[in-house]
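Asker: Quick check, what structure comes out for this input:
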Amino acid sequence: MAIISPEERRLGGVAAEPAEFRMRFQELLQRAAAQANVREEPVLGPYLTISREAGSGGGELARRVGDRLGWTVLDRELVHNLAKRLEIEPRLLKLMDETRVGWFSETLLNLFDSRLLLQGSYVSMLSRAMALAAAEGRVVIVGRAGNLVLSPHGGLRVRVVAPHGLRLSALAEREGLDERSAARRLDQLDADREDFVRRHFHRDLSDPRNYDLVINVGGLGNERALDLLCHALRLRGLTD
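Answerer: Next up is the predicted model:
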């Protein structure tokens, strides 16, 4: 089982994967770059994508699914490996991840690093990397509109939601914010993620038709949500 440090847990990150997987994923990124013009759709799966409301606990649920099934979880590591492949600072690349970036912001970022890709190019590279990772199989991909990037065949696309009060409390505790600051932060995260999906995929993030399953952890609780998700994977024929 992967060990998650307090700092990684606070930031919603994912502990480092074994060295052999990091090497394999670097190869996936290299293949994504080399096959930029290849139009053949890879055979995918099994894979799981988890889209989550901020503060819903979807990232933690993804980690627990990975631990139970022995699947690799790609969250923050996906961003950092892509940043390493592109030889730019992860902190700069992360600014383009699930956030609103207009012409002014893109111009400003390019002043810091002339090699920095525009957001559209970033999304294109990230999408190819996710497709290649899903083709390897036994992988959980968190966020990054994976449910819209990947073919529905061979995977399960899940949306994790929770009541606003639960989300607010979780975010305030995780980031050490008072209630008013947490409410502003939550509204901003929601708006940024919705804009990211609308801007690049012309879809509604909250539309249930974009998912195979929507789980409200407020009604089920974390343990039952985990059991339900694993059961859904079995019903889909993705696990034994």
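Asker: which SSE is residue 50 in?
Answerer: Residue 50 belongs to strand 47-52 when assigned by DSSP states H and E.
Asker: Neighbouring strands of that strand in the sheet, and parallel or not?
Answerer: Paired neighbours of strand 47-52 in the sheet (DSSP bridges): strand 139-142 (parallel), strand 155-161 (parallel).
Asker: Tell me which of the ones you listed is the most buried.
Answerer: Between the strands paired with strand 47-52, strand 139-142 has the highest mean count of neighbours, a mean of 26, where neighbours are mean count of other C-beta atoms under 10 Å. Yep, even glycine has a C-beta here, placed from its N, CA and C like the rest.
Asker: for the record, mean pLDDT for that strand?
Answerer: Confidence over strand 139-142, taken as the mean pLDDT, stands at 94.
Asker: Contact partners for residue 225?
Answerer: 61, 160, 215, 217 (C-beta atoms under 8 Å, 6 or more residues apart in numbering).
Asker: typo on my end, residue 233
Answerer: 46, 48, 69, 156, 239.
Asker: of the residues you listed, closest to residue 170?
Answerer: For the contacts of residue 233, the minimum distance to residue 170 (C-beta to C-beta) is 21.7 Å, reached by residue 48.
Asker: Please tell me how far the closest one sits from residue 164.
Answerer: Spatial separation of residue 48 from residue 164 under the definition C-beta to C-beta, to the nearest Å is 26 Å.
Asker: same question, residue 51
Answerer: In this structure, residue 51 lies at 17 Å from residue 164, with C-beta to C-beta as the measure.
Asker: Those two: which is more packed in?
Answerer: Neighbours of residue 51 and residue 164, each counted by other C-beta atoms under 10 Å, are more numerous for residue 51; the result is 26 against 14.
Asker: Bridged to the nearest residue to that one once chain neighbours are set aside, which residues?
Answerer: If you skip the residues right next to it in sequence, residue 51 has residue 159 as its closest partner in space, 4.8 Å away by C-beta to C-beta, 6 or more residues apart in numbering. Each beta-bridge partner of residue 159 is listed here: residue 51, residue 214, as defined by DSSP bridges.
Asker: Settle this for me: residue 159 is touching residue 212, isn't it.
Answerer: No - Residue 159 sits out of contact with residue 212 when judged by C-beta atoms under 8 Å, with a separation of 9.0 Å.
Asker: Spit out the contact partners of residue 80.
Answerer: Taking C-beta under 8 Å, 6+ apart as the definition, contacts of residue 80 comprise residue 90.
Asker: could you say which helix or strand contains it?
Answerer: Here residue 80, judged by DSSP H and E, is contained in helix 76-86.
Asker: Quick check: which helices or strands does the lengthiest helix in the chain pack against?
Answerer: Longest among the helix segments of the chain by residue count, using DSSP state H, is helix 179-201. Helices and strands in packing contact with helix 179-201 are listed as helix 119-136, helix 164-175; criterion 3 or more C-beta pairs under 8 Å, 6 or more residues apart in numbering; DSSP states H and E.
Asker: Can you dump the C-alpha atoms of the first one in CSV for me?
Answerer: Listed in CSV are the C-alpha atoms of helix 119-136, where the atom choice follows Å, rounded to 0.1, in the frame of the first residue of the first chain:
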residue,chain,number,x,y,z
GLN,A,119,-3.4,25.6,-22.6
GLY,A,120,-4.9,24.0,-25.7
SER,A,121,-1.6,22.2,-26.5
TYR,A,122,-1.3,21.1,-22.9
VAL,A,123,-4.8,19.6,-22.9
SER,A,124,-4.0,17.8,-26.2
MET,A,125,-0.8,16.3,-24.8
LEU,A,126,-2.5,15.4,-21.5
SER,A,127,-5.4,13.7,-23.4
ARG,A,128,-3.0,11.5,-25.3
ALA,A,129,-1.1,10.6,-22.2
MET,A,130,-4.3,9.6,-20.4
ALA,A,131,-5.4,7.5,-23.4
LEU,A,132,-2.0,5.7,-23.4
ALA,A,133,-2.2,5.1,-19.6
ALA,A,134,-5.7,3.7,-20.0
ALA,A,135,-4.5,1.4,-22.7
GLU,A,136,-2.0,0.0,-20.2
